[in-house]
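Asker: need a structure here:
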Amino acid sequence: MGYGMLFSLLSIPRSPTSYWRRRVLRGVTFLLVIIFSIGLLAGNRFVVNTTTIPIGLPTPVRVAVLADTHISAGEEGREWGRKAMAAATREKPDVVLLLGDFVVHRNGVRYVGNLVAGVHAPLGVYAVLGNHDHWEGAGAITSQLESEGVQVLTNRHVLIQKGKTQLALRWWGLMISGPAARTGKRHSGVCRRAFPSC
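Answerer: Here you go, the predicted structure:
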C-alpha cells in the first residue's frame with residue numbers, strides 16, 4: 001500500500017452533517033463558557049439591598065436579614081459568609097435575622113460559630129435552621145449559634161421592642177427530613193397533614 005492510499009484512508013471525507021454538528025457543538029461550548037464566566041463574576045460580587053417597608057410602625061425598626069450562607073468544607077464559602085455578616089453589621093440594624101442553611105456539608109458545621117462571632121444588634125440576633133442545617137447537624141449548629149449569643153427559634157416566639165413598636169418573631173419549625181426530604185418526595189404524611197397542598 002502506498003503513501004497516497006494511506007493518506008486517503010486517514011482523511012475520510014466529512015459529510016455536510018458532521019460540519020454542522022461541529023459548528024453547533026462549538027457554538028454551544030462557547031455559549032456555556034460565556035454563561036459560566038458571567039456566573040463566576042456575578043457570584044463574586046457582593047451587594048447589600050436596602051428596602052423600606054411602609055407599614056406605619058410608631059418607631060421604625062431596622063432589620064438585617066441574611067440567609068443561605070451555605071458553608072462547605074472550603075475556605076471560599078466561609079469567607080463569603082464572613083463578608084455577608086460584616087456587611088450586615090455595618091448597616092447598624094436594630095435586629096439581625098439569620099434565616100438558615102448555614103451549611104451544605106457536614107464539614108462546614110464546625111465553622112458556623114466562627115461565622116456569626118461578633119454579629120450583634122441592640123434588639124438581638126435570631127436564627128432559624130434550614131433544611132441543610134437539619135440534614136448536616138442541627139444540634140451542633142444550634143449549640144454553636146447559641147454559644148455566640150444567637151437565639152435559635154424553634155417552635156417558639158420572642159417579643160422585641162423599640163420605642164413604641166413591639167414585634168413578635170415566631171418560627172414554627174416543621175422540618176421534614178430524612179430520605180423522603182432528600183429525594184424530593186413531596187407527599188410524606190407529615191407534609192400532607194400540615195400543608196394539604198404539599
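Asker: For the rest of this, base every contact and every neighbour count on C-alpha atoms.
Answerer: OK.
Asker: can you give me the strands in this protein?
Answerer: With DSSP state E as the definition, the chain shows strands at residue ranges 63-66, 95-98, 125-127, 151-152, 156-162, 165-171.
Asker: looking at the ones you listed, which is closest to residue 88?
Answerer: Shortest distance between residue 88 and the strands of the chain, using C-alpha to C-alpha, is found for strand 63-66: 6.0 Å.
Asker: any idea of the mean pLDDT for that closest one?
Answerer: Here strand 63-66 scores 92 as its mean pLDDT.
Asker: on that earlier part again, now the strands of the chain as a markdown table including distance to residue 28?
Answerer: Written out in a markdown table, the entries for these read as follows (distance: least, C-alpha to C-alpha, whole Å):
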| stretch | distance to residue 28 |
| --- | --- |
| strand 63-66 | 36 |
| strand 95-98 | 40 |
| strand 125-127 | 43 |
| strand 151-152 | 46 |
| strand 156-162 | 51 |
| strand 165-171 | 45 |
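Asker: would you turn those strands into TSV with mean neighbour count and distance to residue 88?
Answerer: Formatted as TSV, these follow (neighbours: other C-alpha atoms under 10 Å; distance: least, C-alpha to C-alpha, whole Å):
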stretch	mean neighbour count	distance to residue 88
strand 63-66	18	6
strand 95-98	22	8
strand 125-127	23	11
strand 151-152	19	17
strand 156-162	12	19
strand 165-171	13	19
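Asker: Compare those and report which one is nearest to residue 52.
Answerer: Evaluated over those, closeness to residue 52 peaks at strand 63-66, with 10.0 Å, by C-alpha to C-alpha.
Asker: Point out where this structure drops to low pLDDT.
Answerer: Residues of the chain meeting the criterion pLDDT under 70: 1-17, 39-46, 74-76, 173-198.
Asker: center of it, which residue is that?
Answerer: The residue lying closest to the centre of the chain (C-alpha atoms, centre = their mean) is residue 68, at 2.6 Å.
Asker: And it, how close does it get to residue 80?
Answerer: 11 Å (C-alpha to C-alpha, to the nearest Å).
Asker: quick one: the helices in this structure?
Answerer: In chain order, the chain shows helices spanning 3-10, 16-43, 75-90, 112-116, 131-147, 179-182, 189-194, with DSSP state H as the criterion.
Asker: how about the fourth one: buried residues?
Answerer: I take that to be helix 112-116. By neighbour count with 16 or more other C-alpha atoms under 10 Å, helix 112-116 contains the buried residues 112-113, 115-116.
Asker: Among the residues you listed, which one lies nearest to residue 60?
Answerer: When these are compared for distance to residue 60, the smallest value, 24.9 Å, is given by residue 116; criterion: C-alpha to C-alpha.
Asker: still on that earlier bit, out of the buried residues of helix 112-116, which is nearest to residue 38?
Answerer: The nearest member of the buried residues of helix 112-116 to residue 38, counting by C-alpha to C-alpha, is residue 115 at 27.4 Å.
Asker: Please report how far the closest one lies from residue 53.
Answerer: As for residue 115, its distance to residue 53 is 28 Å (criterion: C-alpha to C-alpha).
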